[in-house]
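Enquirer: Okay, predicted coordinates and the sequence, questions at the end:
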Amino acid sequence: MDKPRLPPDLVETVKRALVEDVGSGDITALLIGADTRAHAQVISREQAILCGTAWFDEVFKQLDSQVQITWHTLDGEPISPNQVLCNLTGPARALVTGERTALNFLQLLSGTATNVQRYVKAISGTRACILDTRKTLPGLRSAQKYAVRCGGGTNHRLGLYDAFLIKENHILAAGSITQAIAAARHHAAQLPVEVEVETLEQVKEALTAGADSLLLDNFAVPQLREAVALVQSQVKLEASGGVTLETIRAIAETEVDFISVGAMTKDVQAVDLSMRITEAS
């Protein structure tokens, strides 16, 4: 797997996190001599997929450029319990000040990538790809989208501005699927148009109206098979709604193109990691 491109807002995201945590200054760090230097290491406590090293690095870069970090594994690679992930050397004050913010990024993004890979593995051998959604932690969307790619998933639209996704409320407010698609083409003909459908009749209407792809919302497995047979690869099909690790394999075997899973980024358990100073002088 090629390493995903880092998001352009990474530096600003870290800056906001440090303002939130450090504020006017780390008063407890002042208990350590200004000239004290230390060595530290980050250790994993469980099996996972590593993700977030660039955010971790950026925390210490913004705090003190003297901090040096050596990684022993890369984003997207598996890690094991008691594995040393990286070593740090630099001013002790910077190490203790940055510890929590840096680990917050690393633990959350590793948890996201690990979660995603579980779903990816569950549909291995099928034609389907795993898509993320906009159900991300506020302020961390681009970071979690990066983690999705590290876990083997695929990004859907980043926000409300880069693709049309015409959902139930849009259809009701616009008047119909046909009217909503026509308005989308008039507003921004260059952007892809996906339509959320709830019945096979809506599938037919969206196809006739010229949708680029269809989101099959909460279709049961037999309905998904009917939709796949009806569409006959004219457009891409995305299954969504209530997808779990227990149900996703059966969904993938209907031969839909994509399966979107909000839980991958919404219901994330941070990976258990710790950072310990090993020597100070």
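Expert: Arrived safely.
Enquirer: which residues touch residue 42?
Expert: Counting by Cβ atoms under 8 Å, 6 or more residues apart in numbering, residue 42 makes contact with 56, 84-86, 88, 103, 106, 273-275. Yep, even glycine has a C-beta here, placed from its N, CA and C like the rest.
Enquirer: same question, residue 45
Expert: Neighbouring residues of residue 45 by Cβ under 8 Å, 6+ apart: 81-82, 271-274.
Enquirer: any chance of the residues you listed in CSV, plus pLDDT?
Expert: As requested, those are exported to CSV (pLDDT from 0 to 100):
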residue, pLDDT
81, 98
82, 97
271, 98
272, 98
273, 98
274, 97
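Enquirer: buried subset of those?
Expert: Neighbour counting with 16 or more other Cβ atoms under 10 Å marks 271, 273 as buried within these.
Enquirer: could you give the mean pLDDT of the helix or strand where residue 40 lies?
Expert: Taking DSSP states H and E as the definition, one finds residue 40 inside strand 37-44. When pLDDT is averaged along strand 37-44, the result is 98.
Enquirer: coming back round to it: I'd like to know which of the contacts of residue 42 is nearest to residue 40.
Expert: Using Cβ to Cβ, the shortest approach to residue 40 within the contacts of residue 42 belongs to residue 88, at 4.4 Å.
Enquirer: so how far is residue 121 from that closest one?
Expert: Distance from residue 88 to residue 121, counting by Cβ to Cβ, to the nearest Å: 32 Å.
Enquirer: Which one of these two is surrounded by more residues?
Expert: In this view residue 88 and residue 121 are compared by other Cβ atoms under 10 Å, and residue 88 has more residues nearby, 24 against 12.
Enquirer: Correct me if wrong: the more buried one contacts residue 37.
Expert: No. Look at residue 88 against residue 37 with Cβ atoms under 8 Å: they stay out of range, at 10.8 Å.
Enquirer: before we move on, back to that, so how do I select the buried members of the contacts of residue 42 in ChimeraX?
Expert: Taking 16+ other Cβ under 10 Å as the burial criterion, the selection of buried members of those in ChimeraX is written as:
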select :56,85,86,88,103,106,273,275
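Enquirer: Return the subset of the contacts of residue 42 lying in helices.
Expert: Using DSSP state H, the members of those that fall in helices are 56, 103, 106.
Enquirer: which stretches of the stretch 151-281 of the chain form helices?
Expert: The residue ranges that make up the helices of the stretch 151-281 of the chain, judged by DSSP state H, counting those that start in this stretch, are 168-174, 177-187, 200-209, 221-231, 248-252, 263-266.
Enquirer: returning to that earlier point: max pairwise distance over the contacts of residue 45: which two?
Expert: Spatial extent of the contacts of residue 45 (Cβ to Cβ) is set by the pair 82 and 271 at 13.4 Å.
Enquirer: hang on, the earlier thing: include distance to residue 251 when you put the contacts of residue 42 into JSON lines, please.
Expert: Output for the contacts of residue 42, formatted as JSON lines (distance: Cβ to Cβ, whole Å):
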{"residue": "56", "distance to residue 251": "35"}
{"residue": "84", "distance to residue 251": "39"}
{"residue": "85", "distance to residue 251": "35"}
{"residue": "86", "distance to residue 251": "38"}
{"residue": "88", "distance to residue 251": "43"}
{"residue": "103", "distance to residue 251": "35"}
{"residue": "106", "distance to residue 251": "32"}
{"residue": "273", "distance to residue 251": "33"}
{"residue": "274", "distance to residue 251": "37"}
{"residue": "275", "distance to residue 251": "40"}
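Enquirer: Just the ones of the contacts of residue 42 in strands?
Expert: Among the contacts of residue 42, the ones falling in strands (DSSP state E) are 84-86, 88, 273-275.
Enquirer: still on that earlier bit, export the strand holding residue 40 as PDB, just CAs?
Expert: What follows is strand 37-44 as a C-alpha-only set of coordinates in PDB (Å, rounded to 0.1, in the frame of the first residue of the first chain):
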ATOM      1  CA  ARG A  37      17.900  16.600  28.900                       C
ATOM      2  CA  ALA A  38      16.200  13.200  28.700                       C
ATOM      3  CA  HIS A  39      15.700  10.100  26.700                       C
ATOM      4  CA  ALA A  40      12.200   8.600  26.300                       C
ATOM      5  CA  GLN A  41      10.400   5.900  24.400                       C
ATOM      6  CA  VAL A  42       6.900   5.100  23.300                       C
ATOM      7  CA  ILE A  43       5.700   1.500  23.900                       C
ATOM      8  CA  SER A  44       2.500  -0.200  22.600                       C
END
